Structure formats: C-alpha cells, structure tokens
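Peer 1: what follows is a predicted structure for the sequence shown.
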Amino acid sequence: MESRSEHPLARAIVRAAEREAMAIPPVSDFRALPGAGARGRVNGQAVLVGSPELFAAALAEDDTRRRQIERLQDEGKTVVLGGTEPVGNGRRSADVLGLIAIQDTIRPQAKEAIAALYAQGVEKVVMLTGDNPRTAWAIARELGINEVYAELKPEEKAVRVRELTRRYGHVVRSGTG
C-alpha cells in the first residue's frame, strides 16, 4: 500500500522494504485517507494502512496490541498499522495484521539550538506536528520543548502559527510540513 502513497512515512517504509529486498506487490484501487492512512487492494484483498485511530474499533478489543502501541509511542515512535478492511462476514472493524514503528532521528544540533534559544531569552519553544501526542511529547521532552500541538494537518499548522504570532508576537518556524 505504501508504495502508492506520497506521505513521507510511506516513502520511508518503502525505502526500508527495498533495502531489505522485500517484494512489493502491486496495489489497485488506491485511495488516500488524509490524516488517517490509505485503502486499496493487494492481491485482491481490501487492505488498510495507517494510524492507530484508523483501527480504533479493532484496537478497542485488543488490549495487548493497544498497550504495545502506547509503549512504542511513549518511546517517541510513530506507529503505522496494516490490516484488512471489514468486508462481509459480519465484521464491523478491520483486522490488524501487523505494525511498523518509525522513529525520527533527532539531529544532534537540534537540542543545542533549542538550548541556545532559551539562553538568548526565548521563553517559549513550541512543536507543531502531525504525530500523535505521546510521540510528540516524548520528542519534546528530549529536546526541552515546553509546548506541543499534535495530530495537526499541514493547514492546521498554518492556522496555529498565525495564532501563536497573535499571542506571542514574533514567531520563527523551522522544519517541514
């Protein structure tokens, strides 16, 4: 599924699969689900890939998997689930077949740069991210960031930057998205 997606996490997953020389089957009927994941067909099977929220109903019935996801997120990892769509057989939720945990590499100079901002009298360093809150706060703690807005889409980040500018005056932005 990820081979058809333009999302940065999807591209990272595909690169890792290619490095491992894994076979990547063709995908048909691909459809992005903005902010959640994607759906399509692989080998004729209806498949979903995406955030834990996309699989919320299945995870509500699986304490072990839910705790595993929470532990990975608390470690600063973003979790991507894969599974089958709830088609027929009276199923109301997707079946989770597996997960991938992805962790950003924090640039060594990032922590130093944030510390330098505080040393220069900057009172507030804010993180705006599409990551889930657990992952975002794990990274923020490591970097010394004291305010986090998580699960934001790119357009929501732009709105939040405008709000922060109104609240604090000058805002400097760094990063992607």
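Peer 2: Yep, it's here. Numbering: from 1, shown residues only.
Peer 1: do you know how far the most centrally placed residue in the chain is from residue 86?
Peer 2: The structure's the chain has its C-alpha centroid closest to residue 131; by Cα atoms, centre = their mean the separation is 4.3 Å. With distances defined as Cβ to Cβ, to the nearest Å, the gap from residue 131 to residue 86 amounts to 26 Å. (Glycine included, C-beta is placed from N, CA and C.)
Peer 1: and what of residue 156?
Peer 2: Remark: distance between residue 156 and residue 86 (Cβ to Cβ) = 29 Å.
Peer 1: before we move on, what about residue 22?
Peer 2: The spacing between residue 22 and residue 86, counted by Cβ to Cβ, is 26 Å.
Peer 1: before we move on, what about residue 24?
Peer 2: Counting by Cβ to Cβ, the separation of residue 24 from residue 86 is 25 Å.
Peer 1: look at these two and report which has more neighbours.
Peer 2: Set side by side, residue 24 and residue 86 show unequal neighbour counts under other Cβ atoms under 10 Å, the larger going to residue 86 at 16 against 12.
Peer 1: lowest average confidence across helices and strands of this protein, where is it?
Peer 2: Sorted by mean pLDDT, DSSP states H and E, the helices and strands of the chain end with helix 56-60, the least confident at a mean of 88.
Peer 1: and the contacts of that helix?
Peer 2: Around helix 56-60, the neighbours that count as contacts under Cβ atoms under 8 Å, 6 or more residues apart in numbering are 52, 65, 66, 69, 83, 92, 93, 94, 95, 96.
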